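# predicted model, plus sequence, below.
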Amino acid sequence: MSYLKVCCLLLVFYQSGTDTRHIMERYRKINAGIRTYRQVVIDTEERSTEGGAVTGYFSGDSIVLIVEDVYGEMGKKRTEIYYDQGTPVFIYTRDYHYNIPMYDSSFSSKNIRIEEDRAYFQKGNMIKWINKKKVPLTKRDQLFTNHEQQVLKYATRLHTRLNPSSLHSTVSGYRPFRQTWQLSYPGM
C-alpha cells in the first residue's frame, strides 16, 4: 500500500473518534498513581442487602476515579469511572455472577462468570462501546446512544454524591486531606 493511502487511512481513523489510546493511557496513569490520591468512601447499603460502597479518588479537589461496588448473594457489580479534566473518559463495569451463594460451603471462585462492559468517551460523547457480548460498537444508532445516556446519567449521579462541596456542607469534620471517610447517607 502506498504511503499516501496509509496516511489517508490513519487520518480517517483519528477523525472517526475511535482512537482510544489517550483514554487507555489515562486509565494506566490513574491506576499507577492510585495510592497517591485522597479517598472518600460512602457506604451504599441501601443499594443491596449485602452492602456496597462508592469510593472517590481525588487529586486536589478533582475526581479522577469513582469506583462503586455493590454486593449481592449471587454476585457483585463493580463500576469504575475514569475522569480527565472533570469529564468521564472511560466507564468499565464488571458483573460477577456466582452459580451458588458465596456463603455456601461449596462456593468456589472458579465458578464465577464475569461480564464486562466498556464505554469510551471523548468530549462528552461515547466513541466506542464494547458490550457484555464483547462486541465493539461505534455506530451511533439508538442502542448506542441509549447506552451512552444511561452510563453518563449514572456517572453524573455518582459524581454528584462525591462532590467535595456537598461533602463539606453535609459531613461534620470533613477535611480535604488524604484520609478515608466512612459515610452513610439514608435514602441515597
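Cool, the structure landed. Residues are numbered from 1 along each chain as shown.
# surely G52 is in contact with G72?
No. In this structure, G52 is not within contact of G72 by CB atoms under 8 Å, at 9.0 Å. Quick note: C-beta positions are derived from backbone N, CA and C, even for glycine.
# so what touches the helix or strand hosting R94?
Using DSSP states H and E, the secondary-structure element containing R94 is strand 87-98. By CB atoms under 8 Å, 6 or more residues apart in numbering, the surrounding residues in contact with strand 87-98 are 22-24, 26-27, 74-83, 107, 111-124, 132, 151-152, 154-155.
# just the buried members of these?
23, 26-27, 75-83, 117-122, 151-152, 154-155 (16 or more other CB atoms under 10 Å).
# quick one: which of the residues you listed sit in helices?
Counting by DSSP state H, the part of those found in helices is 23, 26-27, 151-152, 154-155.
# now for the residues you listed: which two are most distant?
Farthest apart among those by CB to CB are R26 and Y154. That separation is 19.3 Å.
# residues contacting T79?
Per CB under 8 Å, 6+ apart, neighbours of T79: 66-68, 91-94, 154.
# for G52, what are phi and psi?
For G52, the backbone dihedrals are phi 170, psi 170 (criterion: degrees, to the nearest 10).
# tell me the pLDDT of it.
In this model, G52 is scored at 90, pLDDT.
# lovely, talk soon.
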